[in-house]
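Trainee: build the 3D model from these lines:
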Amino acid sequence: MAVSVRRKIKKVTKAVFPVAGMGTRFLPATKSIPKEILTLVDRPLIQYAIDEARAAGIKEFIFVTARGKSALEDYFDHSPELEATLRRAGKDDLLEVLRETNMDSGAIAYVRQNRALGLGHAVWCARRLIGNEPFAVLLPDDVIAAEKPCLQQMVEAYEQTGGNMVAAMEVPLEKTSSYGVLDVAEDMGSIVQVKGMVEKPKSDPPSNLAVIGRYILTPQVMVNLNKMKAGAGGEIQLTDAIAEEATTLGQVFGFRFRGQRYDCGSKAGFLQATVAFGLTRPDLRDEFSAYINDMVAMQKAAQ
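Mentor: Next comes the predicted model:
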């Protein structure tokens with residue numbers, strides 16, 4: 001099938017960041033700070049998601065939050081006292097790093113999810129700010145290291161397909177029960193036509209293509225969410241609302257992104273990402289690599 005479309009496709013300029021989760025897997029750290037503020041090397045998880053969205057052309061950032069997330073709002077605000085201190089000390093490099101965390105007035109909005117009813121419900125909470133426009137969804141737990149940011153890759157593909165697009169990667173069949181899984185109608189390489197989606201299949205997954213936390217969605221998905229009932233796990237599932245678009249209009253695509261995804265919602269994934277990102281940093285690489293080599297050598301010697 002040809003994936004290009006003739007009609008004019010609206011640009012994606014809005015993004016939703018569901019950040020209302022309690023982060024219980026990272027207790028006790030998340031007792032006092034949001035999980036999204038936990039630092040990967042020297043940047044919080046949320047900064048990686050924001051930087052990726054900016055690179056993709058996102059102009060409006062919508063955070064779906066909950067109680068205890070005020071530190072997120074403070075993080076993206078200006079810090080006049082700290083900026084003045086750095087300026088007086090002549091630390092222009094740190095001042096520039098700080099400026100990259102600031103968001104312009106009106107560029108960022110916050111809505112509350114007052115009940116934990118699932119990812120679909122969290123996205124639905126942003127419906128009035130989305131209006132009748134396509135939008136992206138980024139899950140900060142999924143950190144993707146890529147030469148070209150993942151969402152930027154998706155936006156470029158979306159300009160050819162329109163419709164709904166989800167990031168996808170191949171996983172072992174025995175692990176598909178932890179993901180939303182694509183039912184593929186046609187495999188065209190980096191883009192696949194999707195005829196259905198199954199959330200965390202307990203058996204007989206339709207494929208091994210798993211949905212990862214990056215989405216480009218039409219406003220119709222919000223309409224679908226408005227009538228959704230609880231799905232897998234007793235929650236309102238975003239995949240169910242997207243799957244409805246696949247069955248009714250056939251306008252759902254999976255995109256095999258180029259890059260390495262790290263599940264920073266798990267402790268092991270967070271540690272793996274820390275090592276991987278640390279080793280890419282010129283200011284840390286040599287010392288960090290030497291330390292890791294020493295640790296491996298000590299473990300081998302102890303065996």
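
Trainee: which stretches of the stretch 1-150 of the chain form strands?
Mentor: Here the stretch 1-150 of the chain has its strands, by DSSP state E, counting those that start in this stretch, at 14-18, 39-40, 43-44, 60-65, 108-112, 135-138, 142-145.

Trainee: could the ones you listed go into TSV alongside mean pLDDT and mean neighbour count?
Mentor: Any C-beta I mention is one placed from the backbone N, CA and C, and that applies to glycine too. Listed next are those as TSV, based on pLDDT from 0 to 100; neighbours: other CB atoms under 10 Å:
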stretch	mean pLDDT	mean neighbour count
strand 14-18	96	25
strand 39-40	92	14
strand 43-44	92	18
strand 60-65	94	22
strand 108-112	90	16
strand 135-138	98	26
strand 142-145	96	21
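
Trainee: make a markdown table from the ones you listed and add distance to V275 to it.
Mentor: Formatted as a markdown table, these follow (distance: least, CB to CB, whole Å):
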| stretch | distance to V275 |
| --- | --- |
| strand 14-18 | 25 |
| strand 39-40 | 10 |
| strand 43-44 | 15 |
| strand 60-65 | 29 |
| strand 108-112 | 31 |
| strand 135-138 | 23 |
| strand 142-145 | 12 |
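
Trainee: can you count the residues close to M298?
Mentor: Using other CB atoms under 10 Å, M298 is surrounded by 9 other residues.

Trainee: can you get me a residue count around Q152?
Mentor: 18.

Trainee: oops, could you answer that again for H121 instead?
Mentor: Count around H121 with other CB under 10 Å applied: 21.

Trainee: report the contact partners of it.
Mentor: Contacts for H121 (CB atoms under 8 Å, 6 or more residues apart in numbering) come out as 113, 115, 225, 235-236.

Trainee: mind running it again at 6 Å?
Mentor: Applying CB atoms under 6 Å, 6 or more residues apart in numbering to H121 gives the contacts I236.

Trainee: picking that back up, quick one: closest of the strands of the stretch 1-150 of the chain to T274.
Mentor: Proximity to T274 (CB to CB) singles out strand 39-40 among the strands of the stretch 1-150 of the chain, at 5.9 Å.

Trainee: just the endpoints, please. Distance across stretch 177-193?
Mentor: 21 Å (CA to CA, to the nearest Å).

Trainee: between the strands of the stretch 1-150 of the chain, which one is closest to K195.
Mentor: Per CB to CB, nearest to K195 of the strands of the stretch 1-150 of the chain: strand 135-138, 21.2 Å.

Trainee: and the contacts of that closest one?
Mentor: Residues from elsewhere that reach strand 135-138 (CB under 6 Å, 6+ apart): 12, 14-17, 49, 53, 123, 214-217.

Trainee: elements contacting the helix or strand bottoming out on mean pLDDT in the chain?
Mentor: Lowest by mean pLDDT, DSSP states H and E among the helices and strands of the chain is helix 70-75, with a mean of 83. Using 3 or more CB pairs under 6 Å, 6 or more residues apart in numbering; DSSP states H and E as the contact test, no helix or strand touches helix 70-75.

Trainee: cheers, nothing more for now.
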